[in-house]
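Visitor: structure here, sequence nowhere to be found:
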């Protein structure tokens, strides 16, 4: 049941000269729609707008994107929604012409199977993330490193793979951000040098900080991983999922993970955090 | 007179689920066709094949690509030919499914105005290239850094901008490789950590080495640039072009640049180095 709208039109085709294809010159967002609500929509649009500003792409505005989504989903209540904004079509070589109209691609996909709530197994990736503060945090279309990392394993028993940057610092999973309990604090890697500033990550950080719970954004090296007590992954599709097995170290789902899951579930229940389509 | 073939079919449309668009999951080549000859075609196919191997994409083979080009160009004698190979369409998330059929996009474009033979002006880029040996050398579709660098200037009097990696080493221009004369040797930056191993760069290196002319692939830092005597740019579209003005330093077109231009022109005249369409 994959469905697509390109610039508001029901089509599965885009122009071959689109800069999204030619250069990866664009951004995307992946949102969860649950019971008719587009979860944390405002945070997604903020990140998308930040990405547009960083790349010098004209942000089309959230209204036009939301209207696309409303048109696309029809009666569907639960789905994964992907939004791609590219710089548009054309320009000679890398240089964009100033009059380009951004391309909007909105698509709807089935919700994948939720991973086991008791926790998942996680490996460590050989593929390194390259460092570039100019591109860090935003969700741009240059995703070859994630593709290469995802190709490293096919065992369906392994759910995710942790990625390190070329300086050996942990950044994120191929499709998720990562939190730890290390002693008496929550810990998550910085995404200032590379990686994506996940929406669910930002929700969790806000929840923990608003409750004065001890949380730190810090550098985590591979050896630090062996010391962590608990670990969980997060993204916009599955929310929070505990890690019960890691290639190195021995994190076990525990109280701190359970607290984060409960607090996040509570926040998720508040409809005012979402865009709820009547 | 831009013309496109997608998988051998005369169309300007590709499927929106193509991984080239979704993730920049593919490679490209830009070739010069001159007097009916596709210049240094074999070298382009070798780099493309190397790129496919590095990314785990099935290389479609040079014959099918050459047949596409022959079909596309018809009576045209002079053009720029761009070939894109993506991993194909689909797969859930970053993970490619094993049965994907690569997408071939072959396009023809007018030859841009040749830059002034007496030399061009070159600036220095603020946008850094990120380091990742896994992606270095090959001509993949993740080109946001080049797009950002090309956005830095609009002065038509400036032809190119030099890019440094995040460690401060010179790598290349936004759309070219770069050579210097520094004292009694030719010098060009390594592309082992990032950047593209240009076809024209490789031809020049082979020419110089085969004639026992002093040439070195070496690390060049920003301060080294101020010491160079001569400088020239190269790529597959314009060949070799001297630099007569640089934002830092004072290179002047001279004998060594002239020698490189002459030797390259001689090599270019040999039809056996090209694929000549009858």
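Guide: Yep, that arrived. Everything numeric here is computed off the predicted structure, so don't read it as measured data. Numbering: from 1, shown residues only, chains lettered A, B, ... in the order given.

Visitor: so which residues on the stretch 51-200 of chain A come close to chain B?
Guide: Contact residues (Cβ under 8 Å from any Cβ of the partner chain) of the stretch 51-200 of chain A with chain B: A:55-56, A:84, A:86-87, A:92-96, A:105, A:107, A:112, A:127-132, A:134-135, A:140-151, A:166, A:174-175, A:194. In short, each C-beta sits where N, CA and C put it, glycine included.

Visitor: may I see the PyMOL selection of the buried members of the residues you listed?
Guide: To isolate the buried ones among those in PyMOL, judged by 16 or more other Cβ atoms under 10 Å in any protein chain shown, type:
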select buried, chain A and resi 55+84+86+87+93+94+95+96+105+107+127+128+129+130+131+132+134+135+140+141+142+143+144+145+146+147+148+149+150+151+166+174+175+194
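
Visitor: endpoints of stretch A:215-233, how far apart?
Guide: The first and final residues of stretch A:215-233 sit 15 Å from each other (Cα to Cα, to the nearest Å).

Visitor: what sits against the closest residue to residue A:220 other than its chain neighbours?
Guide: Spatially, and ignoring its direct neighbours in sequence, residue A:220 is nearest to residue A:170 (4.3 Å; Cβ to Cβ, 6 or more residues apart in numbering or on different chains). By Cβ atoms under 8 Å, 6 or more residues apart in numbering or on different chains, the contact set of residue A:170 is A:162-164, A:178, A:189, A:220-222, A:224-225.

Visitor: need the max-distance pair from these.
Guide: A:163 and A:224 (15.1 Å; Cβ to Cβ).

Visitor: so these two - more neighbours on which side?
Guide: Under the criterion of other Cβ atoms under 10 Å in any protein chain shown, the comparison of residue A:163 against residue A:224 puts residue A:163 first, with 24 against 17.

Visitor: name the helix or strand for that one, please.
Guide: Using DSSP states H and E, residue A:163 sits within strand A:158-164.

Visitor: now do the helix or strand just after that strand, average pLDDT.
Guide: Toward the C-terminus, strand A:158-164 is succeeded by strand A:170-173 as the next helix or strand (DSSP H and E). The pLDDT scores in strand A:170-173 average 98.

Visitor: can you check stretch A:187-197 too?
Guide: 97.

Visitor: what's the spacing between it and its chain's center?
Guide: In this view, stretch A:187-197 has its centroid 12 Å away from the chain centroid, taken as Cα atoms, centre = their mean, to the nearest Å.

Visitor: hmm, who's touching it?
Guide: Under Cβ under 8 Å, 6+ apart, the answer for stretch A:187-197 is A:47, A:129-133, A:135-139, A:163, A:165, A:167, A:169-172, A:177-181, A:201, A:204-205, A:215-220, A:228, B:130.

Visitor: so what's the residue nearest to the spatial centre of chain A closest to, chain neighbours aside?
Guide: The centroid of chain A falls nearest to residue A:198 when counting by Cα atoms, centre = their mean (4.7 Å). Nearest-residue entry for residue A:198: residue A:177, 4.1 Å, with adjacent residues in sequence omitted and distances by Cβ to Cβ, 6+ apart.

Visitor: mind listing the residues bridging to the one you found?
Guide: Note on residue A:177: beta-bridge partners by DSSP bridges are residue A:234.

Visitor: quick one: it from residue A:167, how far?
Guide: Using Cβ to Cβ, to the nearest Å, we find residue A:177 at a distance of 19 Å from residue A:167.

Visitor: residue A:48 now?
Guide: From residue A:48 across to residue A:167, the span is 28 Å (Cβ to Cβ).

Visitor: those two: who's more crowded?
Guide: Using other Cβ under 10 Å, the more surrounded residue of residue A:48 and residue A:167 is residue A:48, with 23 against 14.

Visitor: quick check: the more buried one touching residue A:59?
Guide: Yes: in this structure residue A:48 lies within contact range of residue A:59 using Cβ atoms under 8 Å: 7.0 Å.

Visitor: can you pull the contacts of the residue in chain A sticking out farthest from the centre?
Guide: The outermost residue of chain A relative to its centre, with distances by Cα atoms, centre = their mean, is residue A:92 at 31.4 Å. Residue A:92 is in contact with residue B:112, counting by Cβ under 8 Å, 6+ apart.

Visitor: that older thread, list the residues that contact the residue nearest to the centre of chain A.
Guide: The contact partners of residue A:198, taken as Cβ under 8 Å, 6+ apart, are A:172, A:176-177, A:234-236.

Visitor: can you say which of the residues you listed are buried?
Guide: A:172, A:176-177, A:234-236.

Visitor: low-confidence stretches in the stretch 151-278 of chain A?
Guide: Low-confidence segments of the stretch 151-278 of chain A, defined by pLDDT under 70: A:278.

Visitor: can you give me the helices for it?
Guide: In the stretch 151-278 of chain A, the helices defined using DSSP state H, counting those that start in this stretch lie at A:199-210, A:255-269.

Visitor: so which of those helices comes closest to residue B:117?
Guide: helix A:199-210 (53.0 Å).

Visitor: got the angle between that closest one and helix A:255-269?
Guide: Relative orientation of helix A:199-210 and helix A:255-269, computed by axes from the mean of the first three to the mean of the last three Cα atoms, to 10 degrees: 110 degrees.

Visitor: what residues does helix A:199-210 touch?
Guide: So helix A:199-210 is contacted by A:40, A:43-44, A:47, A:177, A:179, A:186, A:188, A:191, A:214-215, A:217, A:234-236, A:239-240, A:260, A:263-264, A:267 (Cβ under 8 Å, 6+ apart).

Visitor: can I assume residue A:57 is in contact with residue A:27?
Guide: Yes: the criterion here is Cβ under 8 Å, and residue A:57 meets it with residue A:27 at 7.2 Å.

Visitor: overlap in contacts of these two?
Guide: Contacts common to residue A:57 and residue A:27, judged by Cβ under 8 Å, 6+ apart, are A:51, A:85-86.

Visitor: got these as a markdown table, with secondary structure and pLDDT columns?
Guide: Listed next are the shared contacts of residue A:57 and residue A:27 as a markdown table, based on DSSP: H, G, I helix; E, B strand; the rest coil; pLDDT from 0 to 100:
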| residue | secondary structure | pLDDT |
| --- | --- | --- |
| A:51 | helix | 98 |
| A:85 | strand | 98 |
| A:86 | strand | 98 |
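
Visitor: which among those gets closest to chain B?
Guide: residue A:86 (7.9 Å; Cβ to the nearest Cβ).

Visitor: what about residue A:187, distance to residue A:216?
Guide: Noted for residue A:187: a distance of 5 Å to residue A:216, by Cβ to Cβ.

Visitor: of those two, which one has the most company?
Guide: Each of residue A:187 and residue A:216 has its neighbours counted (other Cβ under 10 Å); residue A:187 has more, 21 against 12.
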